[in-house]
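Participant: Predicted model, plus sequence, below.
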Amino acid sequence: AEKEGLKIWAIENFDPSMWYDILLDGPRKEEQMQLLQEVIRRLGRVGIAVMGYNFSIAGVAGRKMGPFARGQAETVFVDGRDERPLPDGMVWNMWYRERGPGHIAFFSHDELWRRLKWFLDRLIPVAEQAGVRLAAHPDDPPFPVLRQTPRLIYEPWMFQKLIDLHPSPANALEFCVGTSAEMQGEGDLYDILDACSRQGRIAYVHLRNVKGKIPKYQETFLDEGDVDVRKVLQILRRNNFDGVIIPDHTPLLSCAAPWHGGMAYAMGYIRAMLQSLE
Ligand SMILES: [Mn+2]
């Protein structure tokens, strides 16, 4: 990357095979934590500033694709909650080993927060020493329970709950604007974004747009959804946000490179909006 004049700011997501027992409170969690600690040390050594993660059992589940964005562009939509139980051997919609008998049993939200705290208590000191920040992505789609497992951050105010769990600046957020806009419950997207960025706890931003909220919404082009993208960027600018903004995902364009076309459109829109604010 450096040879091409690029600087890698962040890596996003541990592979499920690296930390499934940390998520599931299983017998290999201590050894898996040592592996994650080593990953963070190595990121520090090569100068990568952020490790994004999504502390989620079910991961992204229950989304479909359909021609619902402007011009009938193919896009992600959600219409109701995925209630299929999660088979033993799967986290994050991925198999980490052969399928076992039965399913992952439901456990409480408090227990999920206890597991997160165990994870942060052991990884944050290593991250601080390595000069790396851990950045938590909220649960997409933000149902309180999905695939019969509890979710961590599914209402806007819960970003603050995560921040308050550990005072270190290395305990940071991967603030997903789209997921936040999909949320029901307590807290306003712009107020929470303002509060978290004022505290300097946003490591980077996923910027996309949606129409609707759970249980029924669809992803849209940046310039057609419920989110006022200009207002989002104004808040970040006012609070001296100095991290990275990426488009997350977008509707697909009808062309030979549908995904790249959609991303290029989003990048151009963000760039132009930032210039208009400058
Ligand atoms: Mn996201």
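Facilitator: It's in. Because the structure is predicted, anything quoted here is derived from the model rather than measured.

Participant: what residues does the helix or strand hosting R237 touch?
Facilitator: Counting by DSSP states H and E, the element that carries R237 is helix 229-238. Here helix 229-238 makes contact (C-beta atoms under 8 Å, 6 or more residues apart in numbering) with 177, 190, 193-194, 197, 202, 205, 207, 209, 222-223, 245, 269-270, 273-274, 276-277. Just so you know, the C-beta spots here come from the backbone N, C-alpha and C atoms, and that holds for glycine as well.

Participant: any idea how far D194 is from R201?
Facilitator: 12 Å (C-beta to C-beta, to the nearest Å).

Participant: Report the separation between the residue nearest to V50 when sequence neighbours are not counted and Y53.
Facilitator: Sequence neighbours aside, A10 is the residue nearest to V50 in space, at 3.7 Å (criterion: C-beta to C-beta, 6 or more residues apart in numbering). For A10, the distance to Y53 (C-beta to C-beta) stands at 11 Å.

Participant: Now, of the contacts of helix 229-238, which are buried?
Facilitator: 177, 190, 193-194, 197, 202, 205, 207, 209, 222, 245, 269-270, 273 (16 or more other C-beta atoms under 10 Å).

Participant: Around the ion, pick out the residues from the stretch 151-278 of the chain.
Facilitator: Listed as neighbours of the ion in the stretch 151-278 of the chain under the rule C-beta under 5 Å from the ion: C176, H206, D248.

Participant: quick one: the last one and I214, what's the gap?
Facilitator: Computed as C-beta to C-beta, the D248 to I214 distance reads 17 Å.

Participant: same deal with L253?
Facilitator: Applying C-beta to C-beta, the value for L253 to I214 is 27 Å.

Participant: Doesn't G185 belong to a strand?
Facilitator: No. Going by DSSP: H, G, I helix; E, B strand; the rest coil, the assignment for G185 is coil, not a strand.

Participant: what sits against it?
Facilitator: By C-beta under 8 Å, 6+ apart, the neighbours of G185 are Y154, E155, P156, W157.

Participant: and the last one, how many residues sit next to it?
Facilitator: Right, the one you point to is W157. By other C-beta atoms under 10 Å, the residues close to W157 number 15.

Participant: Dump the C-alpha coordinates for stretch 99-116 into PDB.
Facilitator: The C-alpha trace of stretch 99-116 is given here as PDB (Å, rounded to 0.1, in the frame of the first residue of the first chain):
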ATOM      1  CA  ARG A  99     -22.000 -27.900  12.800                       C
ATOM      2  CA  GLY A 100     -22.800 -29.300  16.300                       C
ATOM      3  CA  PRO A 101     -26.100 -30.600  17.600                       C
ATOM      4  CA  GLY A 102     -28.700 -28.000  18.500                       C
ATOM      5  CA  HIS A 103     -28.400 -24.200  18.500                       C
ATOM      6  CA  ILE A 104     -26.900 -21.400  20.500                       C
ATOM      7  CA  ALA A 105     -29.100 -20.900  23.500                       C
ATOM      8  CA  PHE A 106     -30.500 -17.400  24.200                       C
ATOM      9  CA  PHE A 107     -28.700 -15.500  27.000                       C
ATOM     10  CA  SER A 108     -29.300 -12.000  28.500                       C
ATOM     11  CA  HIS A 109     -28.200  -8.600  27.200                       C
ATOM     12  CA  ASP A 110     -26.400  -8.100  30.600                       C
ATOM     13  CA  GLU A 111     -24.300 -11.200  29.900                       C
ATOM     14  CA  LEU A 112     -23.400  -9.900  26.500                       C
ATOM     15  CA  TRP A 113     -22.200  -6.700  28.100                       C
ATOM     16  CA  ARG A 114     -20.200  -8.700  30.600                       C
ATOM     17  CA  ARG A 115     -18.400 -10.500  27.800                       C
ATOM     18  CA  LEU A 116     -17.700  -7.200  26.100                       C
END
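
Participant: Show me which positions of that stretch end up buried.
Facilitator: Burial within stretch 99-116, assessed by neighbour count using 16+ other C-beta under 10 Å, is assigned to H103, I104, L112, W113, R115, L116.

Participant: now swap in stretch 155-162 and tell me
Facilitator: Along stretch 155-162, these residues count as buried under the neighbour rule (16+ other C-beta under 10 Å): E155, P156, M158, F159, Q160, L162.
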